[in-house]
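Trainee: Fold the stuff below for me.
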Amino acid sequence: MPKTVWITGASSGLGLHTAMALRQDGWQVIAGARSFGEETAEDGTVRLPLDVTREDSVKEFCRKAAAIALPDALVQCAGMLVLGSCEETETEEFRRVIDTNYLGMVRMNREVLPLMRKRGGGKIVLFSSINGLLGIPFQSAYTASKHAIEGYAECLALEVKPFGIQVMLVEPGDHRSGSDKYRPHAAAMTDDSPYAAAYESATRQIHHDETNGSDPDALGRKIARILDRKRIPFRKRIASVDQHMGVYIHRFCGARINSAVLRKYYIRQGK
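Mentor: Residues are numbered from 1 along each chain as shown. Below is the predicted model of the structure:
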């Protein structure tokens, strides 16, 4: 019997590419996304509707998925971001990002953990980001959500180890994936913003880095290979060399040097 993986956020971006890679690797894939109906794709992937911000949707997805096959692994990829200054990003915009990226994972884990405990084990993969390790300008809501995931995952791993459940954080850098639908600009970010020039510079660089990012199919294959192992690492960073260097500068070079490097890279215009 093939192993079964449940995947959230599987309609686009890294979630889609990870689901495709796992299916090609022989896993039975049960994929969830808000845009899905109930159907089986041509490759055999079972698609079910799932909105991770709604308790009832999470429970219904897990009920229907469990009726098909219990999870050997859960891969959580659902996510979004809002681009905007800290000052001008509204509370509701912060709430929407954190509710999707972080609390969505919490909701899914609360439903899946009892199933894994009864089975005596399982693997939980939480998609964080390089932004879970450092902040960049005008992505404060996204960065806050990913930092929350990093801390949460450390707690989770400590608690579930006695039950044979393993936890892994995936920290991707920029990849060629995703949809602008999940990257809205904060409503207050207009040409009249005091941050307008810096914001335009930073978002142009962010768009360039994503457009020219790493291959998302390669990331999916790496996740598949790792999940095939008996033991999985707690943390797996999948990024380009320069993004690895950014993490090392942040960790070892101090706040002043880190700030200077990031401002020079992202904020090339404006004061």
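Trainee: ok, and for the longest helix seen in the chain, which residues are buried?
Mentor: Longest helix in the chain, counting residues (DSSP state H): helix 140-160. Neighbour counts over helix 140-160 (16 or more other Cβ atoms under 10 Å) mark 140-150, 152-153, 156-157, 160 as buried. Quick note: C-beta positions are derived from backbone N, CA and C, even for glycine.
Trainee: what's the span of stretch 65-78, first residue to last?
Mentor: This stretch, stretch 65-78, spans 17 Å end to end (Cα to Cα, to the nearest Å).
Trainee: One more: stretch 39-48?
Mentor: Stretch 39-48 end-to-end distance (Cα to Cα) = 7 Å.
Trainee: average model confidence for it?
Mentor: Averaged over stretch 39-48, pLDDT sits at 96.
Trainee: Check the offset of that stretch from the chain's centre.
Mentor: Per Cα atoms, centre = their mean, to the nearest Å, the displacement of stretch 39-48 from the mean C-alpha position of its chain is 22 Å.
Trainee: That one: which residues count as buried?
Mentor: So for stretch 39-48, counting by 16+ other Cβ under 10 Å, buried means 45, 46, 47, 48.
Trainee: Spell out the secondary structure type for the last one.
Mentor: In the three-state summary, residue 48 is assigned as strand, counting by DSSP: H, G, I helix; E, B strand; the rest coil.
Trainee: For it, give me its contacts.
Mentor: 30, 31, 32, 36, 38, 61, 64, 65 (Cβ atoms under 8 Å, 6 or more residues apart in numbering).
Trainee: same thing with the first one?
Mentor: Under the criterion of Cβ under 8 Å, 6+ apart, the contact partners of residue 45 comprise 10, 19, 23, 29, 30, 31.
Trainee: neighbours around the closest residue to it other than its chain neighbours, how many?
Mentor: Spatially, and ignoring its direct neighbours in sequence, residue 45 is nearest to residue 29 (4.6 Å; Cβ to Cβ, 6 or more residues apart in numbering). Around residue 29 there are 27 other residues, counting by other Cβ atoms under 10 Å.
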